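Visitor: have a look at this prediction, sequence included:
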Amino acid sequence: MAVLIDTTGKSEARAICVRFDNKPDALLEILHAVQKADGYLADGPLREIADALNISRAEIHGVVSFYHDYYRTPPAKHIIKLCRAEACQAVGSEDLASYAKSKIDIMDNGAGDAVPVGVADVYCLGNCALGPAAMVDDKLFARMTPEKLDAIVTVLIENRS
Ligand code: FES
């Protein structure tokens, strides 16, 4: 079977695969390393990984789409992760997520700049007793409200660089 490989990109995917001895068992670590190098997981590097590890692109797609920490497009500079699991749902996370996404949509309709803040769904941040739980970049927030969210987004945008 022929495999098309985009060798025109600047991806370090091949070198990263070699660092892990081209072992399929190291797929998660390889994906993390490629994402750290490139910022996200583009088609070209994923094809290179599939070829190097001798696994199908469908298998890689399954892994990448299963884990929420992999990005298929360049991510926003700051990511607000909102917990959508049961305990947080019971205290209003669904309404909070709708509010957050409508706010981010408004930001996305700006003057063409890259979106500074994005929203992502996660399923349990380990802070179930203090929901709705959120994580902004690497900082955990408890009992998130629309007002707190607005304040956080304002700070993130003001500190944009
Ligand atoms: S269910 Fe939301 S932090 Fe666990």
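Guide: Thanks, I have the structure now. Residues are numbered from 1 along each chain as shown.
Visitor: does the lowest-mean-pLDDT helix or strand in the chain reach the ligand?
Guide: Ranking every helix and strand in the chain by mean pLDDT, DSSP states H and E puts helix 93-108 at the bottom, with a mean of 82. No - remark: helix 93-108 sits outside contact range of the ligand, by CB under 6 Å from any ligand atom, the gap being at least 6.9 Å. From N, CA and C alone the C-beta is placed, and that goes for glycine too.
Visitor: ok, residues contacting that helix?
Guide: For helix 93-108, the external contacting residues (CB atoms under 8 Å, 6 or more residues apart in numbering) are 80, 82-85, 115-119, 121, 131-133, 144-146, 149-150, 153, 157.
Visitor: just the ones of those residues in strands?
Guide: Those of the contacts of helix 93-108 mapping onto strands are Ile80, Leu82, Cys83, Val117, Gly118, Val119, Asp121, per DSSP state E.
Visitor: who's in contact with the first one?
Guide: I take that to be Ile80. By CB under 8 Å, 6+ apart, the contact set of Ile80 is Ala100, Ile104, Val117, Gly118, Val119, Ala120, Ala134, Met135, Val136, Leu149, Ile152, Val153.
Visitor: do that again at 6 Å, thanks
Guide: Going by CB atoms under 6 Å, 6 or more residues apart in numbering, Ile80 touches Val119, Val136.
Visitor: equivalent analysis for the fifth one, please.
Guide: Under the criterion of CB under 6 Å, 6+ apart, the contact partners of Gly118 comprise Ala76, Ile79.
Visitor: number of nearby residues for Cys128?
Guide: Cys128: 15 surrounding residues under other CB atoms under 10 Å.
Visitor: not counting its neighbours along the chain, what's nearest it?
Guide: Excluding the flanking residues, the one nearest Cys128 by CB to CB, 6 or more residues apart in numbering is Ala87, at 3.8 Å.
Visitor: now the ones in strands among the contacts of helix 93-108 in a markdown table, with distance to the ligand and pLDDT?
Guide: Putting the ones in strands among the contacts of helix 93-108 into a markdown table (distance: CB to the nearest ligand atom, whole Å; pLDDT from 0 to 100) gives the following:
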| residue | distance to the ligand | pLDDT |
| --- | --- | --- |
| Ile80 | 14 | 90 |
| Leu82 | 9 | 93 |
| Cys83 | 3 | 96 |
| Val117 | 20 | 85 |
| Gly118 | 19 | 84 |
| Val119 | 15 | 86 |
| Asp121 | 11 | 87 |
